[in-house]
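S.K.: Here is my input, please return the structure:
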Amino acid sequence: RLDSGTMMRSLLFDFPEDKKAAERCDEFMFGKNLLVCPVTEPMYYEAKSREIERDKVWECYLPEGYDWYDIWENKKYEGGQTVTVPAPLDRIPAFAKAGSIIPMRRGLNHAAEDNDEPLELHIYPGADGEFVYYDDAGDGYDYENGEYETVPMRWSDKDRVLVIEERGAAYGGTGAKATDADGEKERPGRYYKGIKAARKLRLFVNDEFRQETGYIDSRLEIGL
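M.R.: Predicted coordinates:
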């Protein structure tokens, strides 16, 4: 992380005034926008494959001061309460904080893969939000010498507008320089797998598809 923060973080980091959040040792934030609630008890089978008879649900505490979206059920909850959500074997309960911009890609199994699928941006409304899309080569240490790209994004909840800035603008163009084919100018940010020049973007608000557009390495202002 460029700001030297932690990706997996105790709730105490982000919600120090919420005493209930500070006491939770079975939940964590993944970055600043995703709340993850791992299932830490057997639900289906115990020792010797004995089937367990119990509801396949899990209780999750949502820190106060924010609205939260169950990313699987697409349901909005007010913070400061404990909610009970489905917990099947194929998913972990997780919630997006209102104002989050969450990037997703389909059809990838590991970081070294790439395909031509659009980059999906999932916006969870209810508050203004900011996000810096970061990408690098996926291996090695060249990122320590500026070999990466950043694309800042902002969501205005009142105006329902998503702004996607030019590549590298968030950190003053500190990414690696990529020379144009004609050799006449340089632009900040090497084109890694994440947001290629002219890569398609699919935009969702509260998991509802709104539109598809293209990123052409210039500022976009999109009403949703």
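S.K.: Find the least confident helix or strand in the chain, judged by mean pLDDT.
M.R.: Within the chain, no helix or strand scores below strand 177-179, which has a mean of 37 by mean pLDDT, DSSP states H and E.
S.K.: Identify the residues contacting residue 73.
M.R.: Neighbouring residues of residue 73 by Cβ atoms under 8 Å, 6 or more residues apart in numbering: 85-86. Placement of C-beta: from N, CA and C, glycine included.
S.K.: ok, 10 Å please
M.R.: Residue 73 makes contact with 85-86, 93, 95, 207, according to Cβ atoms under 10 Å, 6 or more residues apart in numbering.
S.K.: repeat for residue 208
M.R.: 74, 122-123, 224.
S.K.: Also residue 44?
M.R.: Per Cβ under 10 Å, 6+ apart, neighbours of residue 44: 51-52, 54, 56, 88-89.
S.K.: Can I get the residues you listed in a markdown table including pLDDT, neighbour count and distance to residue 11?
M.R.: Formatted as a markdown table, the contacts of residue 44 follow (pLDDT from 0 to 100; neighbours: other Cβ atoms under 10 Å; distance: Cβ to Cβ, whole Å):
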| residue | pLDDT | neighbour count | distance to residue 11 |
| --- | --- | --- | --- |
| 51 | 92 | 8 | 33 |
| 52 | 91 | 11 | 28 |
| 54 | 89 | 10 | 26 |
| 56 | 92 | 12 | 24 |
| 88 | 93 | 12 | 24 |
| 89 | 89 | 8 | 25 |
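S.K.: can these go into JSON lines with extra columns for secondary structure?
M.R.: As requested, these are exported to JSON lines (DSSP: H, G, I helix; E, B strand; the rest coil):
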{"residue": "51", "secondary structure": "strand"}
{"residue": "52", "secondary structure": "coil"}
{"residue": "54", "secondary structure": "coil"}
{"residue": "56", "secondary structure": "coil"}
{"residue": "88", "secondary structure": "coil"}
{"residue": "89", "secondary structure": "coil"}
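S.K.: Among the residues you listed, which one sits closest to residue 142?
M.R.: residue 89 (39.2 Å; Cβ to Cβ).
S.K.: how close does the nearest residue to the closest one once chain neighbours are set aside get to residue 36?
M.R.: Ranked by Cβ to Cβ, 6 or more residues apart in numbering and with sequence neighbours excluded, the top spatial neighbour of residue 89 is residue 44, at 6.5 Å. Computed as Cβ to Cβ, to the nearest Å, the residue 44 to residue 36 distance reads 20 Å.
S.K.: try residue 201
M.R.: In terms of Cβ to Cβ, residue 201 sits 26 Å off from residue 36.
S.K.: what's the answer for residue 135, then?
M.R.: Distance from residue 135 to residue 36, by Cβ to Cβ: 22 Å.
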